[in-house]
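In: sharing a sequence plus its predicted fold:
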Amino acid sequence: MKTDNTLQQMTDKSGTESMQGQQIAELVRLGRMYLKEHGALQEQSAAAGTDVLKAAEDDLSAAKKGNAEAAYRTGLRYQRGDVLEQDYAEALKWFNAAADKGHADAEFTLGYMYENGLGTVTDLEGAVRLYKRSAAHGSARAERSLGRLYEGGLGVAQDFAEAVKWYSRAAADGDAEGAYRLGLRYEAGDGGPADFQEAARWFMKAALQDHAGAEDSLGYLYQTGQGVGKSYTEALKWYRKAAGQGDAGAQNNLGYMYDCGLGIRQSSEEAVVWYRKSAAQGFACAESNLGFMYESGRGVPQDYAEALRWYRRAAEKGNARAEHRLGYMTENGCGTLRSYAEAAEWYRRSAEHGFAAAQYSLAEMLYYGRGVDRDFAESVRWYRRAAAQGHADAENNLGYMYENGRGVEQSYTEAAKWYQKAAGHGFARSQTNLGYMYETGRGVERDYAEAAKWYQKAAEQGFAPAQNHLAMMYYSGRGVGQDYREAARWYREAAEQGNLYAQNWLGFMYERGQGVPQDYSEAMRLYKRAAERGDAAAKYRIGDMYRRGKCVERDYAEAVKWYLMAADKAEDGKEHAQARA
């Protein structure tokens, strides 16, 4: 699940968690579920008013006489250390005795012990055989476990179709976990198109049985409007249900809803409360989000040391977003000594986990030689990987590399292609670069109208270089009707942002009275603003004002001084907005 580059939602679908972290979380969840399913033994005996010690003795006696149910219950006691001292070897003995008589629960539990190496070496193939025996005797838990093993390729060849078959059987037998996992498979699509409506249907079946994971997943579908009508109210309802059961993913997602004010009054403080609950369970996304709250001072006092602590906890679990933030903080010396080498290493770890922002950051480090040897070809490789994920900055910079032949063979055609991709994402810098390609006919057929169109798009986003270019198009009447007033308007927009080219040209228009009332004083003021920042054309114009005695007393010596300064800084005055993102 993608949100932005800083905050992260999660039901382990974001792709930023390492496989190891996901597997650990899944094993913990499965272990808890197993204990929950078997945890009623002692409580049931106590509720029935039975002395638990006598019940254990009676079961052991009956088990020795060949009673399968008693053997199973005795195995459970040994397995869990419930009344009887925990002894996996004894547990296996009694489970085997019950399983030999076709006891489905004993067959399932034996499979569980073989799968997890409890009292025996791990034997996934043996677990599969036992689960199949149990499933043949009607155990929904065994059906669900078979689905899980086929999904993961554990003890069998990975087979998503077979996984769906077993999950479907478990769900049809009323197993909430089976229904939930079936929903996950429909949501994932498994190589084909996702079916969010089917996913929502199965999540709902499991959620109505109070399955926390399904409640969380259903909340996310309502939040995003996938397979169901978009409803933040419904999303919040299901997140709250799951969070109330202690589901770490739902707690994190609920925090995100508060953080962004989705369907509820925005509250960074309340977001922190839920992130902290989730992080306390070791949930990496929440740890990363909590790190960001401390880094930015949202809902808590800004504390870089605390931010680093939470980012490191998440990064230890392979959370790519946290790795990226660690790189950023190390690169910029936030709460730690600045180290480009360490920053590059964090970016690389995150980038190798597929995080686009880190791939872009690593490409930048390689381009500038910060913390790593400067390497344009390697920089291009990482720009390309980030661009493949639609990262607009990377697409733009890949265009720049092709335009200038850095790390790749120079190609205006390829440059225009990548600028086009980034421009399509609304990235103002690339829209300006693409406009320049059309204006100059590089990589595309020269088309002033098309150039003006892209300059306009970027200019309306407040991008000063585009405003300057668009003004020039209006001034010269290229791609648009000549319009000095419109030219002056866009030069002013850019000039107010400090664009020295626009300051010079707006001064020129005041000097000439084009699109604005003629005003030599305003012209001189603008020329001097641009000249102070080194613009040679503005220095030349100031010299000309002194030579002609406009706004100032005619002074040939002063004019020569400015002409010489302009010559020393000779520039063509033509701006190319391909400046790097």
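Out: Nice, I can see it.
In: what is the burial count for residue 351?
Out: Close neighbours of residue 351, defined as other Cβ atoms under 10 Å, add up to 25. For every residue, glycine as well, the C-beta is placed using N, CA and C.
In: quick check, it in contact with residue 359.
Out: Yes. Residue 351 is within contact range of residue 359, at 4.3 Å (criterion: Cβ atoms under 8 Å).
In: and for these two, which residues touch both?
Out: Contact criterion Cβ atoms under 8 Å, 6 or more residues apart in numbering; residues shared by residue 351 and residue 359: 382, 385.
In: take the helix or strand residue 170 falls within, keep the C-alpha atoms, and write them as PDB.
Out: In the assignment (DSSP states H and E), residue 170 maps to helix 160-172. Extracted in PDB, the C-alpha atoms of helix 160-172 (Å, rounded to 0.1, in the frame of the first residue of the first chain):
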ATOM      1  CA  PHE A 160      -1.600 -20.600  -5.800                       C
ATOM      2  CA  ALA A 161      -4.500 -22.400  -7.500                       C
ATOM      3  CA  GLU A 162      -4.100 -25.300  -5.000                       C
ATOM      4  CA  ALA A 163      -3.800 -22.700  -2.200                       C
ATOM      5  CA  VAL A 164      -7.100 -21.100  -3.200                       C
ATOM      6  CA  LYS A 165      -8.700 -24.600  -3.400                       C
ATOM      7  CA  TRP A 166      -7.800 -25.400   0.200                       C
ATOM      8  CA  TYR A 167      -8.700 -21.900   1.500                       C
ATOM      9  CA  SER A 168     -12.000 -22.200  -0.200                       C
ATOM     10  CA  ARG A 169     -12.700 -25.500   1.500                       C
ATOM     11  CA  ALA A 170     -11.700 -24.100   4.900                       C
ATOM     12  CA  ALA A 171     -13.900 -21.000   4.300                       C
ATOM     13  CA  ALA A 172     -16.800 -23.100   3.300                       C
END
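In: give me the buried positions along it.
Out: Of the residues in helix 160-172, 160, 162-171 count as buried by neighbour count, 16 or more other Cβ atoms under 10 Å.
In: then stretch 227-245?
Out: 227-228, 231-232, 234-236, 238-243.
In: okay, those in CSV with distance to residue 506, pLDDT and secondary structure next?
Out: Output for the buried residues of stretch 227-245, formatted as CSV (distance: Cβ to Cβ, whole Å; pLDDT from 0 to 100; DSSP: H, G, I helix; E, B strand; the rest coil):
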residue, distance to residue 506, pLDDT, secondary structure
227, 54, 97, coil
228, 54, 98, coil
231, 51, 98, coil
232, 47, 98, helix
234, 54, 98, helix
235, 50, 98, helix
236, 51, 98, helix
238, 56, 98, helix
239, 53, 98, helix
240, 56, 98, helix
241, 60, 98, helix
242, 58, 98, helix
243, 57, 98, helix
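In: distance to residue 434 added to those, as CSV?
Out: What follows is the buried residues of stretch 227-245, written out as CSV (distance: Cβ to Cβ, whole Å):
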residue, distance to residue 434
227, 37
228, 39
231, 39
232, 37
234, 42
235, 38
236, 42
238, 43
239, 42
240, 46
241, 48
242, 46
243, 46
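In: which residues in the stretch 401-550 of the chain form helices?
Out: Using DSSP state H, counting those that start in this stretch, the helices of the stretch 401-550 of the chain run over 412-424, 428-440, 448-459, 464-476, 484-495, 500-512, 520-532, 536-548.
In: and for the stretch 251-400 of the chain?
Out: Along the stretch 251-400 of the chain, counting by DSSP H, counting those that start in this stretch, helices occupy 268-279, 284-296, 304-315, 320-332, 340-352, 356-368, 376-387, 392-404.
In: buried stuff in the third one?
Out: Looking back up the chat, that one is helix 304-315. Using 16+ other Cβ under 10 Å as the test for burial, helix 304-315 gives 304, 306-308, 310-311, 313-315.
In: name the residues that touch that helix?
Out: When contacts are defined by Cβ under 8 Å, 6+ apart, helix 304-315 is touched by residues 279, 282, 284-285, 287-288, 290-295, 300, 321-323, 325-326, 329, 334-336, 346, 349.
In: mark which of those residues are buried, thanks.
Out: With neighbours counted by 16+ other Cβ under 10 Å, these contain buried members at 279, 282, 284-285, 287-288, 290-295, 300, 321-323, 325-326, 329, 334-335, 346, 349.
In: if we can go back for a sec, the helices of the stretch 251-400 of the chain: which one's closest to residue 186?
Out: With Cβ to Cβ as the criterion, residue 186 lies closest to helix 284-296 of the helices of the stretch 251-400 of the chain, at 22.9 Å.
In: and that closest one, what does it pack against?
Out: With contacts taken as 3 or more Cβ pairs under 8 Å, 6 or more residues apart in numbering; DSSP states H and E, helix 284-296 sits against helix 248-260, helix 268-279, helix 304-315, helix 320-332.
In: for those, which one sits closest to residue 498?
Out: Per Cβ to Cβ, nearest to residue 498 of those: helix 320-332, 23.5 Å.
In: and that closest one, how far out from the chain's middle?
Out: Taking Cα atoms, centre = their mean, to the nearest Å, one finds the center of helix 320-332 at 14 Å from the center of the full chain.
In: quick check: angle from it to helix 284-296?
Out: Calculated by axes from the mean of the first three to the mean of the last three Cα atoms, to 10 degrees, helix 320-332 forms an angle of 30 degrees with helix 284-296.
In: between helix 304-315 and helix 320-332, find me the angle.
Out: Using the same axes, to 10 degrees, helix 320-332 lies at 140 degrees relative to helix 304-315.
In: dump helix 320-332 to PDB, restricted to CA.
Out: In PDB, the C-alpha atoms belonging to helix 320-332 read as follows (Å, rounded to 0.1, in the frame of the first residue of the first chain):
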ATOM      1  CA  ALA A 320      12.700   0.200   3.500                       C
ATOM      2  CA  ARG A 321      11.000   3.500   4.400                       C
ATOM      3  CA  ALA A 322      12.800   3.700   7.700                       C
ATOM      4  CA  GLU A 323      16.100   2.800   6.000                       C
ATOM      5  CA  HIS A 324      15.500   5.700   3.600                       C
ATOM      6  CA  ARG A 325      14.800   8.200   6.400                       C
ATOM      7  CA  LEU A 326      17.900   7.100   8.200                       C
ATOM      8  CA  GLY A 327      19.800   7.800   5.100                       C
ATOM      9  CA  TYR A 328      18.300  11.200   4.800                       C
ATOM     10  CA  MET A 329      19.000  12.100   8.500                       C
ATOM     11  CA  THR A 330      22.500  10.900   8.200                       C
ATOM     12  CA  GLU A 331      23.100  12.800   5.000                       C
ATOM     13  CA  ASN A 332      21.900  16.000   6.500                       C
END
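In: against which helices or strands is it packed?
Out: Under the contact criterion of 3+ Cβ pairs under 8 Å, 6+ apart, helix 320-332 touches helix 284-296, helix 304-315, helix 340-352, helix 356-368.
In: adding mean pLDDT and distance to residue 216, write the ones you listed out as a markdown table.
Out: Listed next are the helices and strands packed on helix 320-332 as a markdown table, based on pLDDT from 0 to 100; distance: least, Cβ to Cβ, whole Å:
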| stretch | mean pLDDT | distance to residue 216 |
| --- | --- | --- |
| helix 284-296 | 98 | 12 |
| helix 304-315 | 98 | 19 |
| helix 340-352 | 98 | 25 |
| helix 356-368 | 98 | 25 |
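In: need those helices in TSV with distance to residue 450, can you?
Out: Output for the helices and strands packed on helix 320-332, formatted as TSV (distance: least, Cβ to Cβ, whole Å):
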stretch	distance to residue 450
helix 284-296	40
helix 304-315	45
helix 340-352	35
helix 356-368	28
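In: what's the first-to-last distance across stretch 128-142?
Out: End-to-end distance for stretch 128-142: 9 Å, by Cα to Cα, to the nearest Å.
In: next SSE downstream of the helix or strand bottoming out on mean pLDDT in the chain?
Out: Ranked by mean pLDDT, DSSP states H and E, the helix or strand of the chain with the weakest confidence is helix 40-47, at a mean of 45. Scanning forward in sequence from helix 40-47 by DSSP H and E, the next helix or strand is helix 52-64.
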